[in-house]
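Peer 1: generate a structure from the sequence data that follows.
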Amino acid sequence: MAFIRKIRKGDSIYLAKVESYREDGKVKQRVIEYIGKEENGVAVQKVDINRLQVNNVKHYADVSVLCQICKQLNLQYLLGKHNKPIIALVIAHLICKASIFRMSKWIQNSTIKEELGLDELSTEMLYSALDYLEECDFNKIEHSIFETWKLLDPHDTKSYVLDVTDTYINGKHDETCVRKGKDGKVSKLKQIGLAVSFDNGFPIMHKTYNGTIHNVKILDDLMAVMAERGVNTIVLDRGFFSEAAINDMHKLKMKMIVGMKQTAGIKKDILNRINRDSIYIKANQVPLKNTFVYAQEIKFMFGKIIVIYNPKYEALKRDKMLSEESTDQDVRYVGYSLIFHNTNLDPKNVVKKYFDKDIIERSFRTMKTEIKLHPIRHWMPSRINAHIKVCYLCMCILSLIQFKCKALKVSAIDAVSELESIYKIKMMHSTTKQSFTKVVTQSKLQKDIIKHLKCSV
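Peer 2: Okay, here's the model as predicted:
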């Protein structure tokens, strides 16, 4: 009588059909055929590849990993009853970057429905999810994502950067007025205020505005939310500075590092007190990425002003201005810049922190290039705002991937692209009609990415 026996060879366990026979009075066994092997305790049948038919090939690993990252950020709970279509929208925006109307082909060619446990994922479902995203309390969602991030990286909670960027829309039904943006383009304009963590650029909050609202007013609108979320130190460009704004932040017990403009009053009361020879000394030198500057601190209001002197910039700018017939008074303050702060940091660390705030610019570039904030393909105002929220969620996902893949020195968008070539293939045996599923073999880098992301495929 034949039966199945496990035969161990090295680290592998093979399954063989064997039968017993008697020889010289002893019972022995002989292998009739090998029928497969055991993997992770599960029997895998051996199949003649010449009898296999491929039913379909679908994008798998990139979709699966992004779904798992969404779970790490608890999006399946935070996004309410439409969480699955919203997550599908976010993942599609990261991978295929097509409009909702043209997303159906990608849905059919990927495992997104299987990963999310959906029998159907229609265009109507996606539009309904977009509408829900605009109506829900997104402030609460942002806050919860921020709390999750603080648990994932407790060290990146000391300071944050806030800035504003422009984007443009073309919808006929949107009531946004035509404005001139920072880049000089005249069109219907949306402003996005965005705050990110200082070290890793993780987005902690955003808000969308119509038209060209002054940065000071945007700061006034956002500072209470930042204080509520426990933002302890905020780094701001000089466009956000006003005495009223910094007073309000001080009342909210917020620490700040903010650039200052050279107003007539500041020149008279602060810069005229600075002696070039006393600031331009070794003790005041601060090394930056491509140059050296010199810093001197003066008490001001409830904090301090740091006067920064850049001799290299002064030389270049002064010569140019004088060659264009500027007066000596015109070039009196060239090479100087100002920072206000109320932190406990020493002046050199404040200066370095202020000039290292370009993390926010990298976040804006990610939003506009890799995430494709523009073009905004929606015409209805509510869906335009919802589209920006989808982009914000994409930024959260990419920031988390970037953080986890830091040791691999692979960017988040490259990590996602690297996983695109891992397909799931469904096959059928032409004779037995038995179905098989095969995942394409992974490269070492792909395995490392999946491991560092703490995901599985």
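Peer 1: when you work out contacts or count neighbours from here on, use the C-alpha atoms and nothing else.
Peer 2: Will do.
Peer 1: any idea where the strands of the stretch 351-457 of the chain begin and end?
Peer 2: For the stretch 351-457 of the chain, the strands identified by DSSP state E, counting those that start in this stretch occupy 423-429, 435-439, in order along the chain.
Peer 1: can you say which of these is packed in most?
Peer 2: Mean neighbour count, computed with mean count of other Cα atoms under 10 Å, is highest for strand 423-429 among the strands of the stretch 351-457 of the chain, reaching a mean of 18.
Peer 1: which SS class is the residue nearest to Tyr34 when sequence neighbours are not counted?
Peer 2: Beyond its immediate neighbours in the sequence, the residue positioned closest to Tyr34 (Cα to Cα, 6 or more residues apart in numbering) is Ala16, lying 4.2 Å away. Of the three states, Ala16 takes strand under DSSP: H, G, I helix; E, B strand; the rest coil.
Peer 1: all further residue positions should be reported with the first residue as 835.
Peer 2: In the new numbering, first residue 835, that becomes Ala850.
Peer 1: identify the bridge partners of Ala850.
Peer 2: Beta-bridge partners recorded for Ala850 (DSSP bridges): Arg839, Tyr868.
Peer 1: cool, and His1040?
Peer 2: Beta bridges link His1040 to Leu1028 when assigned by DSSP bridges.
Peer 1: how close does it get to Ala850?
Peer 2: With distances defined as Cα to Cα, to the nearest Å, the gap from His1040 to Ala850 amounts to 61 Å.
Peer 1: which residues of the stretch 935-1084 of the chain fall in strands?
Peer 2: Residue ranges of the strands in the stretch 935-1084 of the chain, as given by DSSP E, counting those that start in this stretch, are 994-1003, 1012-1014, 1020-1031, 1037-1044, 1067-1070.
Peer 1: pipe the ones you listed into TSV and attach mean pLDDT and mean neighbour count per row.
Peer 2: Compiled in TSV, those are given as follows (pLDDT from 0 to 100; neighbours: other Cα atoms under 10 Å):
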stretch	mean pLDDT	mean neighbour count
strand 994-1003	86	22
strand 1012-1014	55	16
strand 1020-1031	82	21
strand 1037-1044	91	20
strand 1067-1070	94	23
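Peer 1: possible to save these as a markdown table with distance to Lys1187?
Peer 2: Converted to a markdown table, the strands of the stretch 935-1084 of the chain look like this (distance: least, Cα to Cα, whole Å):
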| stretch | distance to Lys1187 |
| --- | --- |
| strand 994-1003 | 10 |
| strand 1012-1014 | 31 |
| strand 1020-1031 | 12 |
| strand 1037-1044 | 18 |
| strand 1067-1070 | 8 |
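Peer 1: nearest to Lys1243, of those strands?
Peer 2: Taking Cα to Cα, strand 1020-1031 is the member of these nearest to Lys1243, at 19.6 Å.
Peer 1: in the longest helix along the chain, which residues are buried?
Peer 2: Longest helix of the chain, by residue count under DSSP state H: helix 1215-1238. Within helix 1215-1238, the residues that qualify as buried by neighbour count (16 or more other Cα atoms under 10 Å) are 1215-1238.
Peer 1: show me what it packs onto, helices and strands only.
Peer 2: The criterion is 3 or more Cα pairs under 8 Å, 6 or more residues apart in numbering; DSSP states H and E, and the helices and strands that helix 1215-1238 contacts are helix 895-906, helix 917-929, helix 957-969, strand 1037-1044, helix 1246-1253.
Peer 1: who does the closest residue to Asn1044 other than its chain neighbours bridge with?
Peer 2: Closest residue to Asn1044 in three dimensions, ignoring its sequence neighbours and counting by Cα to Cα, 6+ apart: Lys1024, at 4.9 Å. Applying DSSP bridges to Lys1024 gives these bridge partners: Thr1001, Asn1044.
Peer 1: verify the stated contact: Lys1024 with Ile1047.
Peer 2: No: the criterion here is Cα atoms under 8 Å, and Lys1024 misses it with Ile1047 at 9.7 Å.
Peer 1: what sits against the nearest residue to Tyr1170 once chain neighbours are set aside?
Peer 2: With sequence-adjacent residues excluded and distances taken as Cα to Cα, 6+ apart, Tyr1170 is closest to Tyr1143, at 4.7 Å. Under the criterion of Cα atoms under 8 Å, 6 or more residues apart in numbering, the contact partners of Tyr1143 comprise Ile1113, Tyr1114, Val1127, Tyr1128, Ala1129, Gly1169, Tyr1170, Ser1171.
Peer 1: which stretches of the stretch 1085-1234 of the chain have low pLDDT?
Peer 2: Residues of the stretch 1085-1234 of the chain meeting the criterion pLDDT under 70: 1206-1215.
Peer 1: helices along that one, start to end?
Peer 2: Secondary structure of the stretch 1085-1234 of the chain by DSSP state H, counting those that start in this stretch: the helices cover 1098-1103, 1110-1113, 1145-1157, 1181-1189, 1193-1199, 1215-1238.
Peer 1: make JSON lines out of the ones you listed and add distance to Pro1121.
Peer 2: Output for the helices of the stretch 1085-1234 of the chain, formatted as JSON lines (distance: least, Cα to Cα, whole Å):
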{"stretch": "helix 1098-1103", "distance to Pro1121": "25"}
{"stretch": "helix 1110-1113", "distance to Pro1121": "15"}
{"stretch": "helix 1145-1157", "distance to Pro1121": "13"}
{"stretch": "helix 1181-1189", "distance to Pro1121": "8"}
{"stretch": "helix 1193-1199", "distance to Pro1121": "19"}
{"stretch": "helix 1215-1238", "distance to Pro1121": "27"}
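Peer 1: can you tell which of these is closest to Met1262?
Peer 2: Of the helices of the stretch 1085-1234 of the chain, nearest to Met1262 by Cα to Cα is helix 1215-1238, at 35.8 Å.
Peer 1: please identify the most buried of the helices and strands packed on helix 1215-1238.
Peer 2: helix 917-929 (a mean of 23).
Peer 1: between the strands of the stretch 935-1084 of the chain, which one is nearest to Gly1099?
Peer 2: Evaluated over the strands of the stretch 935-1084 of the chain, closeness to Gly1099 peaks at strand 1067-1070, with 20.9 Å, by Cα to Cα.
Peer 1: alright, calling it a day.
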